[in-house]
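Engineer: The following block contains a protein sequence and its predicted model.
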Amino acid sequence: MKTSHGRSALYRRYGYLRFSFGGHSFRMPVYQAKSAASSGSDELFFPFTDNTNGETTYGGGRYIDLRIPNGTVLLLDFNRAYNPYCAYSHLYSCEIPPEENHFTVRIEAGLKY
């Protein structure tokens, strides 16, 4: 995954989330950091952009941290969306959400400016 400092962060596409939001159906990838995968961690990473970026939310997108579910259902709670560290300081290098993780709608929940 590309980062704001031009290097790559090592993630694997863990799977896809299928869900409906705002009358639209979505299928978007969720990722797992290589370090999490090799350590057996259940941490997942969902970076995304939407039509609020640069207006009411950070222009580079937001993130949601998830856990691998025991079954096939995972709660995707947009109220838990947060800004990456690079929203607060250019000294941080942050993952840039891939184009396939762009919503064509506004996600009004979660952390704002």
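Structural biologist: Now that the structure is in, tell me what you want to look at. Numbers count the residues shown, from 1 in each chain.

Engineer: all contacts plus neighbour counts: C-alpha atoms, from now on.
Structural biologist: Noted.

Engineer: Just list whatever residues bridge to the residue nearest the centre of the chain.
Structural biologist: Nearest to the geometric centre of the chain sits residue 47, at 1.4 Å (Cα atoms, centre = their mean). Taking DSSP bridges as the rule, residue 47 bridges to residue 63.

Engineer: Let's see the lowest-mean-pLDDT helix or strand in the chain as CSV, backbone CA atoms only.
Structural biologist: Across the helices and strands of the chain, mean pLDDT, DSSP states H and E gives its lowest value to helix 34-39, namely a mean of 91. Output of helix 34-39 as CSV, limited to C-alpha atoms (Å, rounded to 0.1, in the frame of the first residue of the first chain):
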residue,chain,number,x,y,z
LYS,A,34,2.3,-8.3,7.1
SER,A,35,3.5,-7.9,10.7
ALA,A,36,0.1,-8.8,12.1
ALA,A,37,-0.3,-11.8,9.8
SER,A,38,3.2,-13.2,10.7
SER,A,39,2.5,-12.7,14.4
